[in-house]
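Student: take a look and give me a structure for this.
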Amino acid sequence: MQADSIRLQEPVQSQETESLVRRLAGPSSGKAGLANDQSEINRIIAEVSKGSKFYENEKRRDKELTERINKILNIRDEVVKGVDISKIEANVDRLLAEFESQRDLTQIIVHVDMDAFYASVELLNNPELKGKPFGAILSTASYEARKYGVRSGMAGFVAKKLCPDLILIPEHFTTYMETSDQVMSIFKRYDPNMLIAGCDEGYLNITLHCEEHSVSAADCVQEMRRIVFEETKLTVSAGIAPNKMLAKICSDRNKPNGQFQLIPDRKTILAFMRELSVRKVFGIGRVNERLLESIGIKTCGDIFTHRATIALMDKQFGLHYLLKTYLGISSNEVRPPQREERKSIGSERTFSPLDDGEVLLQKLEHIASELETDMARNGWAGKTITLKYKLDTYQVFTRAKSLDRYVSSKEDLFSIGRKLFLAEGHLKLRLIGLRVTKLKDLRAPSPAGIKKFFEATTSSAHTRRKLDPEDIHKARHDYDNAEDLHIDAMPGFYEHEETMHDIEVGDIGNDDEVGALELVQDKVKSKPRPPVSAPSRSLSSPAQVCPICRQILKVDNRDLNTHIDLCLSRSAVREASNTSGGAGATENSTSSSTLMTRGWSFLMTPKDTSSRPKKRKRK
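Tutor: As a prediction, the model looks like this:
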């Protein structure tokens with residue numbers, strides 16, 4: 001009996017170990033230039049990380065994900081009992097036909113992606129690095145370093161173990177941004193309305209350019225890439241397809257310094273998607289990859305095979321999004337973000353673990369100065385100031401304070417950030433930052449500006465605009481502590497979806513959405529605070545308004561902060577680079593002007609809460 005018990009436990013142990021090893025490999029394990037077989041590299045990463053705070057944090061999160069998967073599997077077993085699967089599949093097939101009728105193959109969308117951008121810029125400034133493995137504080141890695149398994153977002157001590165000859169160099173962020181502006185100006189010659197998706201990538205619609213110049217899409221992109229190299233000495237890879245999702249997937253096909261075109265033909269696209277790993281789809285990372293694998297979905301073709309299960313578990317997986325992914329259907333609208341869509345602006349700094357309060361305050365003051373400059377240059381002020389910090393255990397927290405006036409000066413930003421920081425007590429941090437939300441556009445025309453300035457801070461859920469349930473499946477989320485985007489949160493990327501913060505139970509009639517919201521609200525109510533060792537004041541109020549979702553809350557400032565934790569997003573690319581550090585880490589200053597991403601995900605991964613102590617009683 002005991003032997004049988006051991007035999008039953010062995011596969012479970014092996015499965016858990018395998019999932020942890022994959023998780024420790026990091027969110028950038030699919031980067032171009034890495035070895036095809038990552039097994040040995042992943043094993044080394046796990047071995048080197050063992051015993052570190054990073055390892056323990058990832059181990060805890062992997063365990064939580066495993067428990068979550070077990071719950072999902074139990075739900076699956078329940079919902080399929082006594083169900084006529086053929087009828088469910090027939091209903092889904094009708095939905096597929098409806099989506100198919102929406103397919104648009106008329107546009108030529110290009111996704112351009114600079115090859116190892118930071119590393120390539122460093123090579124221009126320091127030719128002696130050519131042919132050598134190096135990384136800029138592991139926010140990037142040269143292709144020579146990637147051959148050893150070194151990638152962005154990797155801790156310095158792990159990277160050094162994989163590649164002992166790795167050269168760690170400081171970032172030169174200003175140089176990167178100047179070079180980025182130069183490259184983007186070249187792309188805009190082909191599409192003045194291009195969507196810049198980062199300092200090293202973007203989307204273009206070259207349909208009109210090709211028509212006006214009587215040139216094929218392939219020749220147009222080839223010329224564009226040649227000009228970029230001639231004028232900047234940098235290489236760029238590109239994907240050409242009928243929509244943004246496909247174009248982004250294609251741009252990774254022939255990296256570095258290549259291009260790949262997906263012919264705008266329905267059968268060709270379906271065949272392309274059928275064998276594609278779900279991990280290759282923008283928006284599906286290591287967490288959602290595991291969630292999908294748990295119900296048998298590894299390729300996009302598997303979505304069709306398991307369409308009945310997905311339909312029965314729409315709340316858990318997002319049926320519409322996955323079906324459109326299987327079909328290769330997504331938005332082909334390309335335009336720059338509008339100012340009115342701006343939700344936040346912030347700056348943060350990463351460094352080796354530090355517990356000196358005075359030094360941390362100095363860093364916070366410098367961040368406030370950077371943020372003031374950024375806000376003045378871009379014409380913004382805001383009413384809510386959020387302090388973001390990452391503990392040396394890699395857990396991330398946010399604390400916010402709302403004001404009755406708009407602020408943008410360094411003095412105001414630092415003063416509020418300082419109070420929030422001191423209220424947390426003695427902390428050992430590896431990242432600190434400030435973000436401003438509830439923005440006012442100082443460049444808006446007078447009528448709009450005045451209206452916005454005197455806009456009421458309270459609003460009834462019944463008077464707000466209704467949310468189209470389809471928007472919920474057409475949304476995009478930030479990384480959560482360098483996590484992946486959530487699976488029902490991608491098609492359309494930068495479309496005009498509603499924000500998660502506009503959603504309230506009274507606004508939507510779909511029971512699935514209501515259930516998802518109630519689930520997250522329960523998590524927020526029970527979310528404890530991080531360790532504190534210094535008393536802080538309790539600022540109570542009869543009723544307060546969340547500056548993000550505008551919900552009226554009868555809570556004090558501390559509970560308001562907990563609520564705002566749910567409402568605020570974090571920067572995807574930034575968070576991936578913030579996980580770098582370790583023994584060789586040096587300070588990395590970054591300033592971000594981020595668009596809060598839009599929509600809602602039923603597979604939202606909450607922040608780590610398992611290791612936080614119970615909430616301290618207020619005096």
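Student: where does the prediction get shaky in this structure?
Tutor: With pLDDT under 70 as the threshold, the chain has low-confidence stretches at 1-16, 25-38, 136-140, 142, 151-153, 155, 446-619.
Student: how is it partitioned into domains?
Tutor: Structurally, the chain divides into domains by automatic domain parsing as follows: 2-78, 106-126+170-264, 339-444, 511-525+540-578.
Student: format those domains as CSV; extra columns: distance to residue 279.
Tutor: For every residue, glycine as well, the C-beta is placed using N, CA and C. As requested, the domains of the chain are exported to CSV (distance: least, C-beta to C-beta, whole Å):
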stretch, distance to residue 279
domain 2-78, 6
domain 106-126+170-264, 11
domain 339-444, 23
domain 511-525+540-578, 15
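Student: and residue 324, which of the ones you listed is closest to it?
Tutor: With C-beta to C-beta, the closest approach to residue 324 among the domains of the chain belongs to domain 106-126+170-264: 8.5 Å.
Student: circling back: adding mean neighbour count and distance to residue 143, write the domains of the chain out as CSV.
Tutor: What follows is those, written out as CSV (neighbours: other C-beta atoms under 10 Å; distance: least, C-beta to C-beta, whole Å):
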stretch, mean neighbour count, distance to residue 143
domain 2-78, 15, 4
domain 106-126+170-264, 19, 6
domain 339-444, 19, 24
domain 511-525+540-578, 18, 18
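Student: so which of the ones you listed gets nearest residue 330?
Tutor: Smallest distance to residue 330 across those (C-beta to C-beta): 3.5 Å, for domain 106-126+170-264.
Student: residue 421 belongs to a helix?
Tutor: Yes. The assignment for residue 421 by DSSP: H, G, I helix; E, B strand; the rest coil puts it in a helix.
Student: correct me, but it touches residue 387?
Tutor: Yes. Applying C-beta atoms under 8 Å, one finds residue 421 in contact with residue 387, separated by 5.9 Å.
Student: got any residues that touch both of those two?
Tutor: With contacts taken as C-beta atoms under 8 Å, 6 or more residues apart in numbering, residue 421 and residue 387 have residue 432 as neighbours in common.
Student: hmm, back to that, so which of the domains of the chain comes closest to residue 96?
Tutor: Scanning these with C-beta to C-beta as the criterion, the closest one proves to be domain 106-126+170-264, at 16.7 Å.
Student: backbone torsions only: list them for residue 198.
Tutor: With angles defined as degrees, to the nearest 10, residue 198 shows backbone torsions of phi 170, psi 180.
Student: tell me the bridge partners for it.
Tutor: Following DSSP bridges, residue 198 is listed with bridge partners residue 201.
Student: how close does it sit to residue 280?
Tutor: Note on residue 198: its distance to residue 280, by C-beta to C-beta, to the nearest Å, is 18 Å.
Student: residue 154 now?
Tutor: Per C-beta to C-beta, residue 154 is found 21 Å from residue 280.
Student: ok, now residue 394?
Tutor: Counting by C-beta to C-beta, the gap from residue 394 to residue 280 is 27 Å.
Student: next: residue 342.
Tutor: As defined by C-beta to C-beta, residue 342 lies at a distance of 30 Å from residue 280.
Student: how about residue 145?
Tutor: Residue 145 sits 23 Å away from residue 280 when distances are taken as C-beta to C-beta.
Student: more neighbours, those two?
Tutor: Higher neighbour count among residue 145 and residue 280: residue 145, with 27 against 15, using other C-beta atoms under 10 Å.
Student: how about the more buried one, nearest residue that isn't a chain neighbour?
Tutor: Spatially, and ignoring its direct neighbours in sequence, residue 145 is nearest to residue 133 (3.7 Å; C-beta to C-beta, 6 or more residues apart in numbering).
Student: and that neighbour, what is it in contact with?
Tutor: 141-142, 144-145, 147-148, 150, 163, 165-167.
Student: show the buried residues in those.
Tutor: 141-142, 144-145, 147-148, 150, 163, 166-167 (16 or more other C-beta atoms under 10 Å).
Student: which parts of the stretch 351-500 of the chain are strands?
Tutor: Read by DSSP state E, counting those that start in this stretch, the stretch 351-500 of the chain holds these strands, from start to end of the chain: 380-391, 396-407, 429-441.
Student: what's the second one packed up against?
Tutor: Applying 3 or more C-beta pairs under 8 Å, 6 or more residues apart in numbering; DSSP states H and E, one finds that strand 396-407 makes contact with strand 380-391, helix 410-422, strand 429-441, helix 557-567.
Student: present those as a markdown table; the columns should include distance to residue 24.
Tutor: Below are the helices and strands packed on strand 396-407 laid out as a markdown table (distance: least, C-beta to C-beta, whole Å):
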| stretch | distance to residue 24 |
| --- | --- |
| strand 380-391 | 18 |
| helix 410-422 | 31 |
| strand 429-441 | 18 |
| helix 557-567 | 26 |
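Student: which one, of the ones you listed, ends up nearest to residue 128?
Tutor: Go through the helices and strands packed on strand 396-407 one by one with C-beta to C-beta and the one that ends up closest to residue 128 is strand 429-441, at 30.6 Å.
Student: list the strands paired with the closest one, with their directions.
Tutor: Its sheet considered, strand 429-441 pairs with strand 344-354 (antiparallel), strand 380-391 (antiparallel) by DSSP bridges.
Student: reformat those strands as JSON lines; add distance to residue 250.
Tutor: Converted to JSON lines, those look like this (distance: least, C-beta to C-beta, whole Å):
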{"stretch": "strand 344-354", "distance to residue 250": "31"}
{"stretch": "strand 380-391", "distance to residue 250": "35"}
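Student: closest to residue 48 out of those strands?
Tutor: strand 344-354 (17.7 Å).
Student: quick check: angle from that closest one to helix 410-422?
Tutor: 50 degrees (axes from the mean of the first three to the mean of the last three C-alpha atoms, to 10 degrees).
Student: send me strand 344-354 as PDB with only the CA atoms.
Tutor: Once non-C-alpha atoms are left out, strand 344-354 reads as follows in PDB (Å, rounded to 0.1, in the frame of the first residue of the first chain):
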ATOM      1  CA  SER A 344      -0.800  57.300 -16.000                       C
ATOM      2  CA  ILE A 345       2.700  58.700 -16.100                       C
ATOM      3  CA  GLY A 346       5.500  57.500 -13.800                       C
ATOM      4  CA  SER A 347       9.200  56.900 -13.100                       C
ATOM      5  CA  GLU A 348      10.900  54.100 -11.200                       C
ATOM      6  CA  ARG A 349      14.400  53.000 -10.300                       C
ATOM      7  CA  THR A 350      15.900  49.500  -9.800                       C
ATOM      8  CA  PHE A 351      19.000  48.800  -7.700                       C
ATOM      9  CA  SER A 352      20.700  46.200  -5.600                       C
ATOM     10  CA  PRO A 353      18.800  45.400  -2.400                       C
ATOM     11  CA  LEU A 354      18.900  48.400   0.000                       C
END
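Student: how many neighbouring residues does residue 338 have?
Tutor: By the criterion of other C-beta under 10 Å, residue 338 has 9 neighbours.
Student: brilliant, that's me finished.
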